[in-house]
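fold the following, please.
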Amino acid sequence: MRVIVGIDESDESLYALEWATNNLFNGEPNLVTLVHVHPPSKRYGVSPSAIPAGPGVTAFPSTGVVDSERRAEEQISAAVLSRALEMCSNKVKAETLIVEGDPKDMLCEISEQMKVDLLIVGSRGLGRIKRAFLGSVSDYCAHHAKCPTLIVKPPTKDLS
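Alright, predicted model coming up:
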């Protein structure tokens, strides 16, 4: 079985991975692809190649600024995926993939390109209003991915 798990900085995505490794794989040879999607490098809401600097003036940032932002994003991605890989050790064979773009679009696109059997994403448990304004990666994937999508909700916190 070929599986993709969407991984970000949230505890919910790591819980989804933990749930999958504990419940889906029974020692069979499986491959899990851990996908971390980071947003495109942007400054002031435009592409990094051109930054508005005033009326009628556009400044072009030095490549050092863009390179340092990209390095920082790569370090964050590496740290997130390193933690996820540790969770997979001795349970399932895992590979990592870092891509740039909108997470909901990229997870659907990659799962289709790789012809995976299952896409797994965590759920932050947004309410209807927040989900309407912020969007939901898991909701989008459930409706647009070409493969089955498993949304793993974290356990409810006992308030007693």
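
residue 113 versus residue 4, what's the distance?
Per CB to CB, to the nearest Å, residue 4 is found 10 Å from residue 113. In this view, the C-beta of every residue, glycine as well, is placed from N, C-alpha and C.

confirm residue 109 sits in a strand?
No. Checked against DSSP: H, G, I helix; E, B strand; the rest coil, residue 109 lies outside a strand; its state is helix.

would you confirm that residue 145 contacts residue 111?
Yes. Contact criterion CB atoms under 8 Å: residue 145 and residue 111 qualify, at 5.4 Å.

residue 4 and residue 113 - which one has more neighbours?
Each of residue 4 and residue 113 has its neighbours counted (other CB atoms under 10 Å); residue 4 has more, 25 against 9.

now do the helix or strand in which the more buried one is found: everything it contacts.
According to DSSP states H and E, residue 4 maps onto strand 2-6. For strand 2-6, contacts defined as CB atoms under 8 Å, 6 or more residues apart in numbering pick out 13, 16-17, 20, 24, 30-35, 37, 84, 103, 107, 110-111, 114-122, 137, 141.

next step: those residues restricted to strands.
31, 32, 33, 34, 35, 37, 118, 119, 120, 121, 122 (DSSP state E).

any of the contacts of strand 2-6 buried? List them.
Buried subset of the contacts of strand 2-6 (neighbour count, 16 or more other CB atoms under 10 Å): 13, 16-17, 20, 24, 30, 32-35, 37, 84, 103, 107, 110-111, 114, 116, 118-122, 137, 141.
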